[in-house]
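# coords please:
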Amino acid sequence: MNVKRIQKVLPFLIAGVLGAAALAHAEPANRVDKVSNSDFARTVQQVETALKGKGMMIVATIDHQNQMRMVGASIKGSRTIEFGKADLGKMTVVPNPEVGLEFPGKIYVWERGDGKTVVSYYRAAPAFAAYGKDNLKMAGEMMDGMLSEVVSDATK
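So this is what the prediction gives:
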């Protein structure tokens with residue numbers, strides 16, 4: 001590569017690296033984090049109980065801590081709980097199959113370095129509204145209300 005070409009490309013490379021570094025430290029848009037008053041295991045149990053109390057079915061649980069252990073790495077408690085409700089799918093996915101990408105819903109329970117347990121999820125309304133249909137926007141808003149209640153109950 002010649003010097004003139006490097007001089008032309010270098011500003012873009014620097015901007016890309018600095019932009020990527022800034023994004024790495026920014027909070028993801030639409031993410032909600034709530035610190036729990038309970039330890040990790042109890043919080044996971046409370047999330048599952050709260051979801052079931054709202055008529056949700058837990059369709060999968062991903063134990064990231066165990067997965068990391070299998071490859072010789074160590075992390076604190078880290079679990080994704082995937083959930084859904086057939087009636088919600090019937091109301092949204094049947095008439096709009098493309099929205100199936102948003103299902104199942106996910107809640108992530110994890111331990112910070114200071115030992116506090118955090119419950120995180122992405123708000124559903126913005127993703128559902130992006131499809132440009134009023135019924136999906138309303139479904140996303142309803143799901144956000146339910147998620148807020150579940151997480152509030154689970155972090156008491």
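
# what count of nearby residues applies to Q67?
When neighbours are counted by other C-beta atoms under 10 Å, Q67 registers 12. Bear in mind the C-beta positions are built from the backbone N, C-alpha and C, glycine included.

# export the helix or strand where it lies to CSV, keeping only CA atoms.
Using DSSP states H and E, Q67 sits in helix 64-70. These are the backbone C-alpha positions of helix 64-70, laid out as CSV (Å, rounded to 0.1, in the frame of the first residue of the first chain):
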residue,chain,number,x,y,z
HIS,A,64,-24.3,-19.3,30.4
GLN,A,65,-22.3,-20.0,33.6
ASN,A,66,-22.4,-23.7,32.9
GLN,A,67,-21.6,-23.3,29.2
MET,A,68,-18.5,-21.2,30.1
ARG,A,69,-17.5,-23.8,32.6
MET,A,70,-17.5,-26.4,29.8
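
# which helices and strands does the helix or strand following it pack with?
Next along the chain after helix 64-70, taking DSSP H and E as the criterion, comes strand 78-84. In terms of contacts (3 or more C-beta pairs under 8 Å, 6 or more residues apart in numbering; DSSP states H and E), strand 78-84 is packed against helix 40-53, strand 57-63, helix 64-70, strand 105-111.

# give me whichever of the ones you listed is most buried.
Mean neighbours per residue, mean count of other C-beta atoms under 10 Å, is largest over these for strand 105-111, with a mean of 21.

# and the host helix or strand of K90, average pLDDT?
Element membership for K90 (DSSP H and E) is helix 86-92. Averaged across helix 86-92, pLDDT comes to 88.

# low-confidence ranges in this structure?
Where the chain drops to pLDDT under 70, the residues are 1-27.

# columns distance to K34 on top of the helices and strands packed on strand 78-84, output as JSON lines?
What follows is the helices and strands packed on strand 78-84, written out as JSON lines (distance: least, C-beta to C-beta, whole Å):
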{"stretch": "helix 40-53", "distance to K34": "10"}
{"stretch": "strand 57-63", "distance to K34": "19"}
{"stretch": "helix 64-70", "distance to K34": "19"}
{"stretch": "strand 105-111", "distance to K34": "10"}
